[in-house]
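[1] below are the sequence and a predicted model; questions follow.
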Amino acid sequence: MHTHQDNENSSTPATRLETAIAAADRLDGDLKAFNFRPDSYPDGAATQTALAGVPVAVKDLVDTADMPTTYGSAIYAGHRPARDAWIVQRLRDAGAVIFGKTVTTEFAWRDPGATVNPWNPAYSPGGSSSGSAAAVGAGIVDVAIGTQTVGSIIRPASYCGVVGYKPTYGTIPHDGTRYLSPTLDHLGFITSDVHWTAVAHDLVCAHGKDAAQAGDAARKPTKLGLYRSSQWSQVDGDVKDNFDAVVRRLEACGVQCVEVGLGLDIREIVDAGNRIMAYETTQHLYRDIKDRLEQAGPWTQDLIKLGLTISSDEYDSLRALVANMRMERDRPLDGIDAILSITSPTAAPFGLARTGDASFCAPWTFLGLPALGVPSGISDTLLPLGVQLVGRGGDDAQLIRIGRWLEGMLPRLARPLHAGA
């Protein structure tokens, strides 16, 4: 995968773009990460930010005025929004080149697109930010937009061997991004390394304010909490072994590691989140597509059917649970620098019908805490594995600094066999 030193050596914005185009032309016929790339690109902006001239891929859940936005659904084939989403406009203002639209599962739920894993095309890239993760994992771009309602940034990034960053809930305005669940939806980034995460954070999440910048500074943590949950017995052996190896490395570096819990079973969190999502999807999506529902995929249809069975009273109770937990969300981080957990109980699953298990991402989405996934090893199936760090709400820059240190402490993964130069 790219390092930021590699990118600094790519010299000019023009060569960055030329390299990305060449890689996409060579790889994407098989990878299928993009469902739209323009025939030409505008001249580079005059801005001198760290994103000037950098190609950025945009998940097809996010509106672009100059490119189709289909939300991964045949229902919206050819749809052209009137204006850019807030995050797209912010990237353009920073001088980024909007490189193309990446494949998403339908409406960011579970009906997958055609994208394959850049490490092995027989395996899933994860979802719902499948195309964004694959485009970065294959070395086509260093930065891509993702969204996460349960685990749709952290998990696919991990499956494709790259970095996933889910900011604190509400950090990035959602204007112009299709809602799945307003209570749970997060906008964030998938990047080739933590350097590019810091760049995206500084220029988009922190709006360029120097006081909030993560920069390239690394911070070694003193004490980390280990979250295994009651579901640890269901985790694959190679994932457990990799996590334990990361912990041993941390302890060898003098980092104290202690077990932590959340006070609510992970299965309860997943179930509550799914029911909130189903109710809100029915409220925000069903009204728009009910006359064309038969064109939607089976997972979308099933989610809406579930949402129609949930009463407003049950929904209000679930929303109150979220609100109460978010009020206390930093408590598990008392006395520690961050929480360390796995990204998924398995490596990328075989085949393209399933996008993987997001249960170990669900608590941090539910709580709205910032999470950063970093590659950490290779599975028994020769696919990437990752770990994720979770920080205090609003303290994203500090989390990125710790992630920078962790990335430097862990072994780098080699590129996928047919990745970009």
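    Yes, it's here.
[2] isn't Tyr279 up against Asp313?
    No. When contacts are counted by C-beta atoms under 8 Å, Tyr279 is not listed as touching Asp313 (11.0 Å). Where you see a C-beta, it was placed from the backbone N, CA and C, and this is true even at glycine.
[3] more neighbours: the two, which one.
    Tyr279 (25 against 8; other C-beta atoms under 10 Å).
[4] end to end, how far does stretch 47-66 reach?
    From its first residue to its last, stretch 47-66 covers 21 Å (C-alpha to C-alpha, to the nearest Å).
[5] residues contacting the closest residue to Gln388 other than its chain neighbours?
    Distance criterion C-beta to C-beta, 6 or more residues apart in numbering; nearest residue to Gln388, sequence neighbours excluded, is Gly373 at 4.3 Å. Going by C-beta atoms under 8 Å, 6 or more residues apart in numbering, Gly373 touches 153-155, 157-158, 163-165, 343, 386-389.
[6] next one: Trp405
    218-221.
[7] most neighbours, which of those?
    Pro221 (22 neighbours).
[8] which SSE is it in?
    Assignment of secondary structure by DSSP states H and E places Pro221 within no helix or strand.
[9] what count of nearby residues applies to the residue nearest to it when sequence neighbours are not counted?
    Leaving out its chain neighbours, the residue that sits closest to Pro221 by C-beta to C-beta, 6+ apart is Asp337, at 3.8 Å. Look at Asp337: counted by other C-beta under 10 Å, it has 23 neighbours.
[10] how about Gly393?
    With other C-beta under 10 Å as criterion, Gly393 counts 17.
[11] quick one: it is in a strand?
    No. Using DSSP: H, G, I helix; E, B strand; the rest coil, the secondary structure at Gly393 is coil, not a strand.
[12] now for the closest residue to it other than its chain neighbours: which residues touch it?
    Of all residues not flanking Gly393 in the chain, Thr168 sits nearest, at 5.1 Å (C-beta to C-beta, 6+ apart). With contact set as C-beta under 8 Å, 6+ apart, Thr168 has these partners: 368-370, 393-396.
[13] which helix or which strand is home to Thr168?
    Per DSSP H and E, there is no helix or strand for Thr168.
[14] repeat for the one 5 residues further on
    Secondary-structure assignment from DSSP H and E places Pro173 in no helical or strand segment.
[15] got the contact list for the residue nearest the centre of the chain?
    Nearest to the geometric centre of the chain sits Ile153, at 1.6 Å (C-alpha atoms, centre = their mean). By C-beta under 8 Å, 6+ apart, the contact list for Ile153 reads 129, 146-147, 164-166, 186, 188-190, 373.
[16] got a pLDDT number for Thr15?
    pLDDT for Thr15: 90.
[17] Ala45 now?
    63.
[18] next one: Val62
    Among the per-residue scores, Val62 shows a pLDDT of 98.
[19] again with the one 10 residues further on
    Per-residue confidence (pLDDT) for Gly72: 98.
[20] measure it to Pro332 for me?
    34 Å (C-beta to C-beta, to the nearest Å).
[21] give me the secondary structure label for Val204.
    helix.
[22] residues in contact with it?
    So Val204 contacts 87, 90-91, 94, 172, 189 (C-beta under 8 Å, 6+ apart).
[23] hang on, Tyr41 packs against Glu18?
    No. Applying C-beta under 8 Å as the test, Tyr41 and Glu18 come out as separate, 10.2 Å apart.
[24] the two: which has the busier surroundings?
    Here Tyr41 and Glu18 are set side by side on neighbour count (other C-beta under 10 Å), and the busier one is Tyr41, at 16 against 13.
[25] before we move on, back to that, and the two most separated of the contacts of Ile153?
    Thr147 and Gly373 (14.6 Å; C-beta to C-beta).
[26] circling back to that earlier point, wait, is the residue nearest to Gln388 part of a strand?
    Yes. The assignment for Gly373 by three-state DSSP puts it in a strand.
[27] so it versus Trp86, what's the distance?
    24 Å.
[28] just how off-centre is the longest helix anywhere in the chain within its chain?
    The longest helix of the chain (DSSP state H) is helix 13-31. Relative to the chain's own centre, helix 13-31 is displaced by 22 Å; criterion: C-alpha atoms, centre = their mean, to the nearest Å.
[29] please apply the same query to stretch 309-323.
    Worked out by C-alpha atoms, centre = their mean, stretch 309-323 lies 26 Å from the chain centre.
[30] now it: buried residues?
    Applying a neighbour-count criterion of 16 or more other C-beta atoms under 10 Å, one finds 310, 315, 318, 321-322 buried in stretch 309-323.
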